[in-house]
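Colleague: Dropping a prediction and its sequence here:
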Amino acid sequence: MGDAGLPSYPSLPPFPDDIETAPLVTLQLKKLLASDPEEMAALFKCGKELGFFYLNLMGCEQGEKLFYDAQSLLRLEKQFFDLPPEEKAMCDRDTLKGANGYYGYKGMGKSIMDAKGTKDKHECYNLKKDDIVGNTEPLDRPQLISDNIDLFRSYATNAQSIITLLLKHFDTLLGLPPNTLPNLHRLHAESGDHVRFLTAPPQPPEDRGVNAGAHTDFGSLTVLFNWLGGLQVQLPGRTDWTYVRPVPGCAIVNLGDAMVKFTAGLLRSNIHRVVNPPGAQAEETRYSLVYFSRPEDTVPLKRLKGGLIDLQPQAAEPEEGLTSKEWILKRGLANKVAPDWTPQKFLESRGTEGGREAYD
């Protein structure tokens, strides 16, 4: 399905119509809630091929609730990034007790985007799902975040419910016993799930380029809202980059490394990156809102048994078998700006995109 003629957000400059955009399939949440066979088949095709799809949230109460919570969180996100530096510093990931160096606030230029040592051009804030729903004692955070924790809880629990639905469908499509995948992603079990705020200011024309380097996602499923262009993917069989157009009423969903590992490569975690928005959108500050779903901390990232997975080729080398928590920290911390950072450490931290040359 193409995306020609899809609208942009009216308060923002329009996404240009004269550039190629990725042909993401649009799946309807209301049909997936009804277990529509054709929609489920389309989901499976997306998972095996591009690994990205639009999820239309309109037309059902659950989807529209997620969409409108996302708009509320966008307003909150803008307020967060406008906080004085000292307030953001109280949740700085490098000093925040219990953050493992990964959760909390990351300032601009604090991560490495490629093996050349290029620094990122964005700020972000990671708020743990476990803090939001009460699985753990919350990490220190600005009062603005605490005052809005009910909104975060509504958004996170709803996003997780939709993810559980998708995982149940993947169980069926893969021929696995019911609840195989959902039981590895329980809401009230500790995991690396989190809500992320992310912003990138407009760059001068001579300095426009990559804001977040090429990567695959660490976990299982990612639910993304972005209002401006900038996300790019590599289409199967190609090494160039293609923009993904934001679509009002839709989230962008993609599969992560865990789904590749669980299914012995049957499902795909596609490489992607973030660059400056195209056209007139390049003059705007870009915001993203992300929910990352990851397996529970203790789950080993190995192929599962049963169904179509048993038909997949066996790897020649034994699987690494890191737990989900170990995998997240391996991938998330090796790209931090630090005195001991090396290109080799960066390359060794790669996920299922490892061995591809495009991110250099």
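Modeller: Cool, got the structure.

Colleague: ok, which stretches of the stretch 251-360 of the chain are strands?
Modeller: Secondary structure of the stretch 251-360 of the chain (DSSP state E, counting those that start in this stretch): strands at 272-275, 286-293.

Colleague: Compare those and give me the one nearest residue 74.
Modeller: Shortest distance between residue 74 and these, using Cβ to Cβ, is found for strand 286-293: 6.0 Å. To be clear about C-beta, it is placed using only N, CA and C from the backbone, and glycine gets the same treatment.

Colleague: possible to save the strands of the stretch 251-360 of the chain as a markdown table with mean neighbour count and distance to residue 151?
Modeller: What follows is the strands of the stretch 251-360 of the chain, written out as a markdown table (neighbours: other Cβ atoms under 10 Å; distance: least, Cβ to Cβ, whole Å):
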| stretch | mean neighbour count | distance to residue 151 |
| --- | --- | --- |
| strand 272-275 | 22 | 25 |
| strand 286-293 | 23 | 12 |
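
Colleague: Would you list the phi and psi of the spatially most distant residue from the centre of the chain?
Modeller: In the chain, the greatest distance from the average C-alpha position (Cα atoms, centre = their mean) is reached by residue 316, at 29.9 Å. Torsion angles at residue 316 (phi, psi; degrees, to the nearest 10) stand at phi -70, psi -40.

Colleague: and the gap between it and residue 267?
Modeller: Noted for residue 316: a distance of 20 Å to residue 267, by Cβ to Cβ, to the nearest Å.

Colleague: re earlier: between the strands of the stretch 251-360 of the chain, which one is nearest to residue 262?
Modeller: Evaluated over the strands of the stretch 251-360 of the chain, closeness to residue 262 peaks at strand 286-293, with 12.9 Å, by Cβ to Cβ.

Colleague: Pull the distance from that closest one to the chain's centre.
Modeller: For strand 286-293, the distance from its own C-alpha centre to the chain's C-alpha centre is 6 Å (Cα atoms, centre = their mean, to the nearest Å).

Colleague: Next: stretch 142-158.
Modeller: A distance of 19 Å separates the centroid of the chain from that of stretch 142-158, by Cα atoms, centre = their mean.

Colleague: Can you list the buried residues in it?
Modeller: Within stretch 142-158, the residues that qualify as buried by neighbour count (16 or more other Cβ atoms under 10 Å) are 142, 145, 148, 149, 151, 152, 154, 155, 156, 158.

Colleague: Would you mind giving the strands of the stretch 251-360 of the chain as TSV with distance to residue 334 and mean pLDDT added?
Modeller: Listed next are the strands of the stretch 251-360 of the chain as TSV, based on distance: least, Cβ to Cβ, whole Å; pLDDT from 0 to 100:
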stretch	distance to residue 334	mean pLDDT
strand 272-275	17	94
strand 286-293	17	97
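
Colleague: Of those, give the one that comes closest to residue 75.
Modeller: Taking Cβ to Cβ as the criterion, residue 75 comes closest to strand 286-293 out of the strands of the stretch 251-360 of the chain, the separation being 9.9 Å.

Colleague: Pull the residues that contact stretch 129-144.
Modeller: Stretch 129-144 is contacted by residues 76, 79-80, 83, 87-88, 90-91, 96-99, 103-104, 127-128, 146, 149, 152-153, 156-157, 160, 187-191, 193-195 when judged by Cβ atoms under 8 Å, 6 or more residues apart in numbering.

Colleague: switch the cut-off to 7 Å
Modeller: Residues lying outside stretch 129-144 but in contact with it, judged by Cβ atoms under 7 Å, 6 or more residues apart in numbering, are 79-80, 83, 87, 90-91, 96, 98-99, 103-104, 128, 149, 152-153, 156-157, 187-188, 190-191, 193-194.

Colleague: Give me the below-cutoff pLDDT ranges for this protein.
Modeller: Judged against pLDDT under 70, the low-scoring parts of the chain cover residues 1-9, 353-360.

Colleague: And the helices in it, which stretches?
Modeller: Read by DSSP state H, the chain holds these helices, from start to end of the chain: 29-33, 37-48, 61-81, 85-89, 129-133, 143-147, 149-174, 257-262, 324-333, 343-348.

Colleague: Now do the fourth one: everything it contacts.
Modeller: Read that as helix 85-89. For helix 85-89, contacts defined as Cβ under 7 Å, 6+ apart pick out 105, 142.

Colleague: Check the offset of it from the chain's centre.
Modeller: 25 Å.

Colleague: quick one: contacts for residue 296?
Modeller: 184, 185, 186, 189, 190, 191, 324.

Colleague: With distance to residue 237 and neighbour count added, can I get those residues in TSV?
Modeller: Below are the contacts of residue 296 laid out as TSV (distance: Cβ to Cβ, whole Å; neighbours: other Cβ atoms under 10 Å):
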residue	distance to residue 237	neighbour count
184	31	21
185	31	23
186	37	15
189	38	16
190	39	16
191	34	28
324	30	25
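
Colleague: Excluding residues flanking it in the chain, which one is nearest residue 119?
Modeller: Across the structure, with Cβ to Cβ, 6 or more residues apart in numbering as the measure, the residue nearest residue 119 apart from its sequence neighbours is residue 109 (4.3 Å).

Colleague: ditto for residue 203
Modeller: Nearest one to residue 203, counting by Cβ to Cβ, 6+ apart, is residue 276 at 5.7 Å.

Colleague: Can you name the residues that contact the most centrally placed residue in the chain?
Modeller: Among the residues of the chain, the smallest C-alpha distance to the mean C-alpha position (Cα atoms, centre = their mean) belongs to residue 222, namely 3.8 Å. Contacts of residue 222 were listed using Cβ under 7 Å, 6+ apart, and they are 253, 254, 256, 290, 292.
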